[in-house]
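J.: 3D, please:
(chains A, B and C)
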Amino acid sequence: MSIDLLLALITGAALFGVGIYGALSQTNLVMIMMGVELMLAGAMVNLVAFWRYLHPDTPAGQMFVLIVMTVMAIEMAVGFGVAIARFRAKGSVEMEEAVELKG
Amino acid sequence: MSAQTFFIGFFGLAAVWFGIVVFRTFSMVRSALALLFSQTALGAMFLSMQAEFLGVLQIMMMATEMSIMAIFMVMFMMDPGGLGEMDMTHQKRLSLSAGIVSFVAAVAVAVFVDWGPVAHTAPDAAQQTVDLGLELLGRSMLIFETAGVTILTAMIAATAVAIQPATWRSKHEH
Amino acid sequence: MTTVLILLLLALGAYLVAVIETWTITGRFQLAAPLFAGIALLGRESIVPRKPDRIFFEVAPVLLLISAILAAAVVPLTPDLIITDLATGALFINAALVYVLVALLMAGWGPDGAYAMIGGWRFLGQLIAYAMLIVMPITAVVMRAESLLTTQIVVSQAGVWNIVYQPLGFVLFFIAAMALAFLPPFDLPTAKGELAGGVEAEYTGVRLAVFRLGRLALIITLAAATVIFYLGGWQGPWLPPWAWSAIKILVVTATMLLIGRFMPRIREADLLAWCWIFGIPLALLNIFLVGVLVLVLP
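T.: Have a look, this model is predicted:
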């Protein structure tokens, strides 16, 4: 059990934990999205560690990481589009106020 | 302890520390830039794990994305400078326990599972780039194309959602 | 010994670029002007605004200098003279240069002043305009070289330089490089006469000297990148490789500093419109044309 692999997996776990704490505890949409970004980053670290230490000869591992990076970018773009629309309609993006489906 | 182990540990610690700073600081711009440096530390970690293309790509893309997040924070949040020291969190105990439980569970899985034989060498960086390119445009072409179409759809959707409706503008123009 | 000599020659080259910049601004060729300006800046009082964001205020000029130097680390001046020949060199130049944006955002937000902040956020608008115009021509260059190694990119231009092979890409890259280095007419972040110096406004003394030095290093790095991507790097008939590199970089730098002097400043809304409506389709057309040429020509 390589120490490098263990270090990378622990880093991924820690980032995921911090991300969950942030996504659940923050009230503002932008801060929640930052928590989600941290969670995805933790997953990416795990993917790269598994690629490097278990299957370094298969480039499909790196391709998976590219897809996750793409997903991060897309989710941020659409999320901020929704945030702009919400801000225009209601004047704030606080998720505590977003309890009704109407309006 | 080899240099690679030291760098992985150092950059991992830096990434986690910056990640914690994101949610501990009161200034919103500092929060966004702390997330930026956390992702940069992750990119450096990828570089030290010899995934050179991924590391450089992570460093480049995350700097741009997090800077855009910084301006959105300034636009949408009440106290971007942080001098008011407002507490903007809710369900503190639930989120803290969820964070700790997920961390402990992931570390337990990492420590107690037998991951099999560990490879000690990776192909060199130029060869990796060639292989990645051939894989992307060869075996995984469908995935690559789907990702491309998804990005285009997301761009159009985000623009359509964020654009100002024409009726509001023509009503308020004088 | 040769390392010291090379570093001295590089410092001399940077000093020459500073002299050329003074000449483009004032019209007079003064060899001692940068030296006196540097000494004056170092000697002046260092005024700190009343309530700055201290970390950002201090880190921003240093980050600007570091990002320019990191990008220059993968640029080959001769076939052997390269600090680190990364296998993803062409992409790394872009990655390091993105931190110019981070540095300017910090310089804008740090001093807690209106003019600096406006300058910083305007640069973000400019980045959204020029970012694709930098990456797509690099993609076309890399397509011809079939490698991301910067030395390989120069070697691939042995017969025909890229400026002849892909002139559309050269024009787009040159414009985007000027926008990245916030040179006139794209100098929204430090709009002299409108924002009272913008991101530079609140810096004095040593920090301003580091900021200006960082900007100079950025211009030189971008000129060097243009030379290796489009102008054939160190290749040329009679002179040794390092002489050709030096001459080409100086010529490109002088052109970048001169070309926008008499044009009006472009607003970021207009820049965004032009780049996204015309620039990106042209860049995609460039990639398509280069692809056809690479497949058809032997």
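J.: show the backbone phi and psi for residue C:113.
T.: The phi and psi values for residue C:113, taken as degrees, to the nearest 10, are phi -140, psi 150.
J.: show me what contacts it?
T.: Contact analysis of residue C:113 by CB atoms under 8 Å, 6 or more residues apart in numbering or on different chains lists C:49, C:201-202. Where C-beta positions appear, they are placed from N, C-alpha and C, glycine not excepted.
J.: what's the closest of those residues to residue A:52?
T.: Within the set of the contacts of residue C:113, residue C:202 lies nearest residue A:52; the separation is 44.6 Å, counting by CB to CB.
J.: now the closest one, nearest residue through space, not along the chain?
T.: Excluding the flanking residues, the one nearest residue C:202 by CB to CB, 6 or more residues apart in numbering or on different chains is residue C:111, at 3.5 Å.
J.: what kind of secondary structure is that neighbour in?
T.: Put simply, residue C:111 is coil when judged by DSSP: H, G, I helix; E, B strand; the rest coil.
J.: over to it: give its phi and psi.
T.: The main-chain torsion angles of residue C:111 are listed as degrees, to the nearest 10 and equal phi -70, psi 0.
J.: isn't it right up against residue C:204?
T.: No - the criterion here is CB atoms under 8 Å, and residue C:111 misses it with residue C:204 at 10.6 Å.
J.: so which of those two has more stuff around it?
T.: residue C:111 (25 against 15; other CB atoms under 10 Å in any protein chain shown).
J.: how about low-confidence regions in the stretch 101-250 of chain C?
T.: When the per-residue scores of the stretch 101-250 of chain C are filtered using pLDDT under 70, no range remains.
J.: show me what from chain B comes close to chain C.
T.: Applying the criterion CB under 8 Å from any CB of the partner chain, the portion of chain B that neighbours chain C consists of B:27, B:29-30, B:33, B:36, B:52-53, B:56-57, B:59-60, B:63-64, B:67-68, B:70-71, B:74, B:81, B:83, B:124-126, B:128-129.
J.: just the ones of these in strands?
T.: Secondary structure defined by DSSP state E assigns none of the residues of chain B next to chain C to strands.
J.: which among these end up buried?
T.: With neighbours counted using 16 or more other CB atoms under 10 Å in any protein chain shown, the residues of chain B next to chain C contain these buried positions: B:27, B:29-30, B:33, B:36, B:52-53, B:56-57, B:59-60, B:63-64, B:67-68, B:70-71, B:74, B:125-126, B:128-129.
J.: quick one: check the longest helix seen in chain A for contact with chain B.
T.: What stands out as the longest helix in chain A, according to DSSP state H, is helix A:60-90. Yes - part of helix A:60-90 sits close enough to chain B to count as contact by CB under 8 Å from any CB, namely A:60, A:62-63, A:65-67, A:69-70, A:72-74, A:76-78, A:80-85, A:87-88.
J.: do that helix and chain C meet?
T.: No - using CB under 8 Å from any CB, helix A:60-90 never reaches chain C; the gap is at least 12.1 Å.
J.: for that helix, packing partners?
T.: Packed against helix A:60-90 by the contact rule (3 or more CB pairs under 8 Å, 6 or more residues apart in numbering or on different chains; DSSP states H and E) you find helix A:29-54, helix B:52-76, helix B:125-137, helix B:141-162.
J.: stretch B:55-65 near chain A at all?
T.: Yes - counting by CB under 8 Å from any CB, chain A has neighbours in stretch B:55-65: B:57-58, B:61, B:65.
J.: does the residue sitting nearest the centre point of chain B lie in a helix or a strand, and which?
T.: For chain B, the residue lying nearest the average C-alpha position, counting by CA atoms, centre = their mean, turns out to be residue B:39 (5.5 Å). Secondary structure here is read from DSSP states H and E; on that basis residue B:39 sits in helix B:28-48.
J.: please export the C-alpha coordinates of that helix as CSV.
T.: Presented in CSV, the C-alpha positions along helix B:28-48 are these (Å, rounded to 0.1, in the frame of the first residue of the first chain):
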residue,chain,number,x,y,z
MET,B,28,-16.0,37.2,0.0
VAL,B,29,-13.3,38.0,-2.5
ARG,B,30,-10.7,36.3,-0.2
SER,B,31,-13.0,33.3,-0.2
ALA,B,32,-13.1,33.1,-4.0
LEU,B,33,-9.3,33.6,-4.3
ALA,B,34,-8.7,31.0,-1.6
LEU,B,35,-10.6,28.5,-3.7
LEU,B,36,-8.5,29.5,-6.6
PHE,B,37,-5.3,28.8,-4.8
SER,B,38,-6.7,25.6,-3.5
GLN,B,39,-7.3,24.4,-7.1
THR,B,40,-3.9,25.6,-8.1
ALA,B,41,-2.4,23.5,-5.3
LEU,B,42,-4.4,20.6,-6.7
GLY,B,43,-3.0,21.3,-10.1
ALA,B,44,0.5,21.3,-8.7
MET,B,45,-0.3,18.0,-7.0
PHE,B,46,-1.3,16.5,-10.3
LEU,B,47,2.0,17.7,-11.7
SER,B,48,3.9,16.0,-8.9
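J.: if I take that helix and helix B:125-137, what angle do their directions form?
T.: When axes from the mean of the first three to the mean of the last three CA atoms, to 10 degrees is applied, the directions of helix B:28-48 and helix B:125-137 differ by 110 degrees.
J.: make a ChimeraX selection of whichever of the contacts of residue C:113 turn out to be buried.
T.: Listed next is the ChimeraX selection for buried residues among the contacts of residue C:113, using 16+ other CB under 10 Å:
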select /C:201,202
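J.: out of the contacts of residue C:113, who's nearest residue B:117?
T.: Minimum separation from residue B:117 among these (CB to CB) is found for residue C:202, which lies at 57.5 Å.
J.: ok, the closest one - contacts?
T.: Residues in contact with residue C:202 (CB under 8 Å, 6+ apart) are C:49, C:52, C:57, C:110-111, C:113, C:115-116.
J.: repeat that for residue B:14.
T.: Residues counted as contacts of residue B:14 (CB under 8 Å, 6+ apart) are B:37-38, B:41.
J.: now do 10 Å
T.: Contact analysis of residue B:14 by CB atoms under 10 Å, 6 or more residues apart in numbering or on different chains lists A:11, B:37-38, B:40-42, B:44-45.
J.: can I assume residue C:74 sits in a helix?
T.: No - residue assignment for residue C:74, taken from three-state DSSP, gives coil, which places it outside any helix.
J.: that one contacts residue C:90, correct?
T.: Yes - judged on CB atoms under 10 Å, residue C:74 makes contact with residue C:90 at a distance of 8.1 Å.
J.: what do the two both touch?
T.: When CB under 10 Å, 6+ apart defines a contact, the residues bordering residue C:74 and residue C:90 alike are C:148-150, C:225, C:228.
J.: so which of these are in strands?
T.: Using DSSP E, none of these sit in strands.
J.: care to break chain B down by domain?
T.: As assigned by automatic domain parsing, chain B contains the domains B:1-81, B:124-169.
J.: got those domains as JSON lines, with mean pLDDT and distance to residue C:13 columns?
T.: Conversion of the domains of chain B to JSON lines gives the following (pLDDT from 0 to 100; distance: least, CB to CB, whole Å):
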{"stretch": "domain B:1-81", "mean pLDDT": "91", "distance to residue C:13": "27"}
{"stretch": "domain B:124-169", "mean pLDDT": "86", "distance to residue C:13": "30"}
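J.: out of those domains, deepest packed?
T.: Mean neighbour count, computed with mean count of other CB atoms under 10 Å in any protein chain shown, is highest for domain B:1-81 among these, reaching a mean of 21.
J.: nearest spatial neighbour of residue C:152, skipping sequence neighbours?
T.: Residue nearest to residue C:152 in three dimensions, not counting chain neighbours: residue C:145, with 5.3 Å by CB to CB, 6+ apart.
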